[in-house]
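Colleague: Give me a model of this one.
(one chain, ligands or ions: 1)
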Amino acid sequence: MPPPPIAAALPGAHLGMVVAASGSGGATPPRAAPRRGRRGKPGFSRRSAIKKSFHQEQVVFSTPVPADPTVAVIGGGASGLSCAFALAARGVRSVVFDTGMHGLGGRMATRFVDGGEQLVFDHAAQFFTASDERFQRLVDEWLDRGLIREWSGLVGELEAGGRFRPIPSLTPRYIGVNGMRPLADAMLPETDMIKVLRPCWISKLEPFNGLWRLFESEKPRGEYDAIVIAHNGKCANRLLSTSGLPLLTKQMKRLELSSVWALLAAFEDPLPVPRIDSHGAFEGAFVRDVDSLSWMGNNTRKLFPMQTGTPECWTFFSTAAYGKRNKVPQENIPKVAAEKVKEDMLGGVEHALGLSKGSLQQPIYTRVQLWGAALPMNTPGVSCVFDPLGRAGICGDWLTGSSIEAAVLSGMSLANHIADYFVSNGDRPEEFANGLHEDLNAVEGHDISQFPGLDTQTPQVAEAQLTPSI
Ligand SMILES: Cc1cc2nc3c(=O)[nH]c(=O)nc-3n(C[C@H](O)[C@H](O)[C@H](O)COP(=O)(O)OP(=O)(O)OC[C@H]3O[C@@H](n4cnc5c(N)ncnc54)[C@H](O)[C@@H]3O)c2cc1C
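Modeller: This is a model prediction of the structure:
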């Protein structure tokens, strides 16, 4: 059962203040910049968005925090969900908005092709590790609830030509039992402290009378005491560009993101991958020295190890360098680009496995997808960003790294920060400013994430004894 609302913990907070917060003069709205398009006509262009974001006036909320505040969390990925979860644990209500058509999760994404009968692919996050005890506690809860399990399949490093070296699992690797998206969908507790609105794309933020008003296109989506930006990339830059939050906007714009292609492919017969006598065939491999490939994972073996006689579903990821060179609009991938990427990546699979050109069996199903904002390439190294004057914060993987663990910890951290700020009644904003000016430094890790405990750079086991799998 969630703890009682924060009202009890707020010094001087009472219902009258809710009215005061909604009264006029609650917030100083930003001055709207004139909207001009590329050719000087009214409209929207990237250049005008950038200009506006640097010339926005800071919005300042001066009304007391109401007795029972509500937070809008924009983004239902790992960070947004854990933020809502942790807010509820502190007695703060939230509404989570997410664009997901099929479910929550963002980059915790699973595709069920034939209704999940046979073809299931985790098509972004493949597995995760836990190094922080706060995250480990949550992971233990997920284990208890049967949402996740340890993945004991063979994982290692594959060099072009088929040389495979296992990476010992010093750190447990976890997966969603039915994939990553079902885990995301089940992450939130059943509680009236959290509402979820999906699919919903928040397109406008507006400070008004001491509250944040949200809109989906022109449709009002409620008024909130604070907002959380739990997503990044172009969408976030656009949303923030006219928000009256210049410091958040500036930090967000400093973020650089990689692009990674995903190829989902199902094969009638098992792929001829290297196997190790004691462990069998590998189920996941970080690929080295192949331009079009950085990871290959056998989702069927990973998710349904007992299943036999069904097609093998593989998720392949390109390198970030390949993604950058072959970037196209991700919402509208030209057919020729999709075909080229598919051929390049299947060629990469042959090269990685040491197969002769053209000898790989034809997949019975393929789909390519571009993660145009795949992983952060730089980070401010702070667990969350919070602007107390604007009552707005940012959480997400990129604030400390590039993993599910980083995203969850960031969401929790921002939730606690906001709850503490509410407890302070907003009286000492200067004490609550966080991460607004930090420089960003390069993120170390794999092209598809950071995995503490899985250091593939240093040899950890003797060279594997390889035998072909079929
Ligand atoms: C190819 C790939 C492979 C990866 N592999 C791994 C791995 O194996 N292990 C691992 O730990 N991590 C992996 N990661 C990283 C991991 O998936 C992310 O770090 C983590 O899921 C990020 O969570 P997040 O909440 O910060 O952002 P996201 O998951 O991106 O969530 C943001 C959400 O906000 C929504 N949104 C955006 N704009 C709006 C709007 N205006 N209104 C409403 N909603 C909006 C988005 O639709 C999305 O659902 C991988 C990532 C990629 C791309």
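Colleague: List the residues that contact Lys234.
Modeller: Counting by CB atoms under 8 Å, 6 or more residues apart in numbering, Lys234 touches Ala373. Bear in mind the C-beta positions are built from the backbone N, C-alpha and C, glycine included.
Colleague: and it, what pLDDT?
Modeller: Listed pLDDT for Lys234 reads 93.
Colleague: What is the end-to-end distance of stretch 372-386?
Modeller: Stretch 372-386 stretches 26 Å from its first residue to its last (CA to CA, to the nearest Å).
Colleague: Show me how far it is from its chain's centre.
Modeller: Distance, stretch centre to chain centre, for stretch 372-386: 10 Å (CA atoms, centre = their mean, to the nearest Å).
Colleague: is it up against the ligand anywhere?
Modeller: Yes. Counting by CB under 6 Å from any ligand atom, contacts between stretch 372-386 and the ligand involve Ala374, Leu375.
Colleague: Please report the distance of the spatially most central residue of the chain from the ligand.
Modeller: With distances taken as CA atoms, centre = their mean, the residue of the chain nearest its centroid is Arg107 (4.5 Å). Per CB to the nearest ligand atom, to the nearest Å, Arg107 is found 3 Å from the ligand.
Colleague: Contact partners for the closest residue to the ligand within the stretch 201-350 of the chain?
Modeller: Using CB to the nearest ligand atom, His231 is the residue of the stretch 201-350 of the chain that sits closest to the ligand, at 3.4 Å. His231 sits next to Ile74, Gly75, Gly77, Gly80, Gly106, Gly396 when contact means CB under 8 Å, 6+ apart.
Colleague: check contacts around the first one.
Modeller: Think Ile74. By CB under 8 Å, 6+ apart, the neighbours of Ile74 are Gly80, Phe97, Ile202, Leu214, Ile227, Val228, Ile229, Ala230, His231, Leu239.
Colleague: does the fourth one count as helix, strand or coil?
Modeller: Right, the one you point to is Leu214. For Leu214, the assignment made with DSSP: H, G, I helix; E, B strand; the rest coil gives strand.
Colleague: ok, the residue nearest to Asn434 when sequence neighbours are not counted - how many residues close by?
Modeller: Nearest non-adjacent residue to Asn434, counting by CB to CB, 6 or more residues apart in numbering: Phe386, 4.4 Å away. Using other CB atoms under 10 Å, Phe386 has 27 other residues around it.
Colleague: Next: Asp144.
Modeller: Using other CB under 10 Å, Asp144 is surrounded by 9 other residues.
Colleague: ok, which residues in the protein are in contact with the ligand?
Modeller: 74-80, 97-100, 106-108, 124-128, 200-202, 230-231, 235, 239, 260, 262, 317, 371, 374-375, 396-397, 402-404, 407, 448-449.
Colleague: Of those, which belong to strands?
Modeller: Among these, the ones falling in strands (DSSP state E) are Ile74, Phe97, Val260, Ala262, Phe317, Trp371.
Colleague: Tell me the most packed of these, by neighbour count.
Modeller: With neighbours taken as other CB under 10 Å, the top of these is Phe317, carrying 28 neighbours.
Colleague: Run through the residues that contact that one.
Modeller: Listed by CB under 8 Å, 6+ apart, the contact partners of Phe317 are Val260, Trp261, Ala262, Leu263, Leu293, Ser294, Trp295, Met296, Asp447, Ile448.
Colleague: can I get the contacts of His231 in TSV with distance to Glu312 and pLDDT?
Modeller: Listed next are these as TSV, based on distance: CB to CB, whole Å; pLDDT from 0 to 100:
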residue	distance to Glu312	pLDDT
Ile74	38	98
Gly75	33	98
Gly77	28	98
Gly80	33	98
Gly106	26	98
Gly396	33	98
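Colleague: Quickly name whichever of the residues you listed is closest to Pro207.
Modeller: The nearest member of those to Pro207, counting by CB to CB, is Ile74 at 14.7 Å.
Colleague: Kindly provide the distance from Asp225 to Asp185.
Modeller: Applying CB to CB, to the nearest Å, the value for Asp225 to Asp185 is 27 Å.
Colleague: let me fix that: Thr366
Modeller: Separation of Thr366 from Asp185 (CB to CB): 26 Å.
Colleague: who's more crowded, those two?
Modeller: In this view Thr366 and Asp185 are compared by other CB under 10 Å, and Asp185 has more residues nearby, 23 against 18.
Colleague: Surely that one is in a strand?
Modeller: No. With three-state DSSP as the criterion, Asp185 is located in helix rather than a strand.
Colleague: heads up, I number from 29, so please use that
Modeller: In the new numbering, first residue 29, that becomes Asp213.
Colleague: List the contacts of it.
Modeller: Gly131, Leu132, Gly133.
Colleague: what comes up buried for stretch 453-462?
Modeller: For stretch 453-462, the buried set under the neighbour-count rule, 16 or more other CB atoms under 10 Å, comprises Asn453, Gly454, Pro457, Phe460, Asn462.
Colleague: quick one, helices of the protein?
Modeller: Ranges of helices within the chain are 43-50, 74-82, 106-117, 161-172, 208-214, 262-268, 274-282, 327-331, 348-353, 363-381, 432-451, based on DSSP state H.
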